[in-house]
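Undergrad: Coordinates for the following, if possible.
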Amino acid sequence: MGRDDDEKTAAGVRLVQDLVAQVPGFEDTYECHVFNEDGVLSHVFFWDVVQDTVRSYLGEGDPDGPDWRRVLAFLEEETRRCVPGAIEVIVTSFLCDLPYKKEPGYGIEAHLGPVMKERYLRLRPWYEA
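TA: A predicted model of the protein is given here:
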């Protein structure tokens, strides 16, 4: 792994840690993840972020879990920053994993901020068609 890869990995880890610090409700998930993975694997952790965010959007989440609005606001700000490593996690492991039409939680994409929405439309150009 080269220096650029190390920096991207570190940025992904920082993204996860900042999300956990700024959006209440991910603490237990984070602790389990770190224990099970012996560290932070940002793309793996973001699978849980997507699931918890969609559950919250559907009103099915744990009352002490993360609020989907706060998650989207945090990720919008991070997407604006466009930090290599973090942006790859957001695009690849959040936006790509949002529900498709006819899946539970479809509709959350209508609440994406403008910067994330632009990235989302690159992934799913047919969305607004």
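
Undergrad: wait, doesn't His33 sit right on Asp48?
TA: Yes: with contact taken as Cβ atoms under 8 Å, His33 and Asp48 are classed as touching, separated by 7.0 Å. For every residue, glycine as well, the C-beta is placed using N, CA and C.

Undergrad: More neighbours: the two, which one.
TA: Just comparing His33 and Asp48: by other Cβ atoms under 10 Å the higher neighbour count belongs to His33, 20 against 15.

Undergrad: Phe25: what secondary structure?
TA: Not quite, residue 25 is Gly, not Phe. Three-state call for Gly25 (DSSP: H, G, I helix; E, B strand; the rest coil): coil.

Undergrad: ok, and what's touching the lengthiest helix in the chain?
TA: Longest helix of the chain, by residue count under DSSP state H: helix 3-22. Outside helix 3-22, the residues that touch it by Cβ atoms under 8 Å, 6 or more residues apart in numbering are 1, 26-27, 30, 40, 42-43, 45-46, 49, 70-71, 74-75, 78, 83-86, 88-90.

Undergrad: element containing Phe45, please.
TA: Phe45 belongs to helix 42-57 when assigned by DSSP states H and E.

Undergrad: pLDDT averaged over that helix - what is it?
TA: Regarding helix 42-57, the rounded mean pLDDT is 98.

Undergrad: Nearest to the spatial middle of the protein, which residue is it?
TA: Phe94 (4.2 Å; Cα atoms, centre = their mean).

Undergrad: Neighbours of Glu128, how many?
TA: 8.

Undergrad: So it, which state does it fall into?
TA: Judged by three-state DSSP, the three-state class of Glu128 is coil.

Undergrad: can you pull the contacts of it?
TA: Taking Cβ under 8 Å, 6+ apart, we find Glu128 in contact with Leu121.

Undergrad: ok, it to Ile108 distance?
TA: Distance of Glu128 to Ile108, given as Cβ to Cβ, to the nearest Å: 15 Å.

Undergrad: Off-centre distance for the helix holding Phe45?
TA: What separates the centre of helix 42-57 from the centre of its chain is 6 Å, taken as Cα atoms, centre = their mean, to the nearest Å.
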